[in-house]
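Visitor: Kindly generate the corresponding structure for this input.
(one chain, ligands or ions: 1)
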Amino acid sequence: MSTTAIPGYRYGDPALPPAPIGADGLRDLRAACLLSDDDLAALSEAAPIIEPQIEEILDTWYGFVGSHPFLLASFSTAEGPHQGYLAAVRARFGQWIRDTLRAGYDDRWLAYQREIGRRHASGKGEADGITGTPEVVPYRYLAALIVPITVTMRPFLAKGARDAEHLERMHQAWFKAVVLSVALWSEPYVREGWW
Ligand code: HEM
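Guide: Model (predicted):
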């Protein structure tokens, strides 16, 4: 799917407000996550392995969310799960996997991470014009979901890994990149000046 065809996807949109940190802040946050240039190389090696499997990966993650009512609640109105909302987010989620593997850490990427954080918090539902679902994704679950989003990736990476060491390298890099994203997304949840 071409990125311009994904409704609500705004990576690269110059109208997005800038992120609260720039290249220096990102360098420090990457250092705190131990996310090295070698990890970025491992992510680009993972990209051709993962990209053909994105729909299966999304099935796994949506299966996880769907089987936990306290998670599915974020996508639900009083009438139950909002299928249009789930589908709209799924398309952007797939693109996020591609973007995370590409790791093009420039100001446009930082601005979109800020927007993704906002969409889990004060801007929830805006991108898809959804009303009637909970106003915010509880932050504790954002942090917690790092675990399943990391653990479930391993068998998908294993399908293309050269050997156990290659698998471990790609998996560690994925873990660090997800932590980096969630650290950036935490901004709207943190008291002014404390982020
Ligand atoms: C490691 C944790 C998580 C990751 C990596 C993640 C990833 C994403 C991504 C990539 C998007 C689409 C962003 C875009 O608009 O381009 C998204 C949106 C969304 N996520 Fe998460 N998410 C996480 C945790 C959670 C949790 C715990 C929930 C609760 C069920 C959740 C609920 C949602 C909802 C409701 C949206 C749509 C927000 C909107 O209205 O635009 N996410 N997430």
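
Visitor: What parts of this protein come near the ligand?
Guide: Within reach of the ligand by C-beta under 6 Å from any ligand atom, the chain has these residues: 8-9, 65, 71, 74-75, 89, 92-93, 96, 116, 119-120, 124-125, 127-128, 137, 141-142, 145-146, 149, 178, 181-182. All C-beta atoms are positioned from the backbone trio N, CA, C, and that covers glycine.

Visitor: Tell me which residues of the helix or strand containing residue 171 come out buried.
Guide: Assigned by DSSP states H and E, residue 171 belongs to helix 164-185. Of the residues in helix 164-185, those buried by neighbour count under the rule 16 or more other C-beta atoms under 10 Å are 166-167, 169-185.

Visitor: returning to that earlier point: next step: the residues of the chain next to the ligand restricted to helices.
Guide: When DSSP state H defines the helices, the subset of the residues of the chain next to the ligand inside them is 65, 71, 89, 92-93, 96, 116, 119-120, 141-142, 146, 149, 178, 181-182.

Visitor: mind listing what the most centrally placed residue in the chain touches?
Guide: The residue at the geometric middle of the chain, judged as the C-alpha nearest the mean C-alpha position with C-alpha atoms, centre = their mean, is residue 96 (5.5 Å). Under the criterion of C-beta atoms under 8 Å, 6 or more residues apart in numbering, the neighbours of residue 96 are residue 116.

Visitor: give me the number of residues near the residue nearest to residue 21 when sequence neighbours are not counted?
Guide: Beyond its immediate neighbours in the sequence, the residue positioned closest to residue 21 (C-beta to C-beta, 6 or more residues apart in numbering) is residue 110, lying 6.8 Å away. Other residues lying near residue 110 total 20 when counted by other C-beta atoms under 10 Å.

Visitor: who's in contact with residue 110?
Guide: With contacts defined as C-beta under 8 Å, 6+ apart, the neighbours of residue 110 are 18-19, 21-22, 26, 184.

Visitor: Quick one, grab the pLDDT at it.
Guide: We have a pLDDT of 98 for residue 110.

Visitor: Also the one 10 residues further on?
Guide: Residue-level confidence at residue 120 comes out at 98, pLDDT.

Visitor: same thing with residue 172?
Guide: pLDDT, residue 172: 98.

Visitor: what's the answer for residue 107, then?
Guide: Looking at residue 107, its pLDDT stands at 96.
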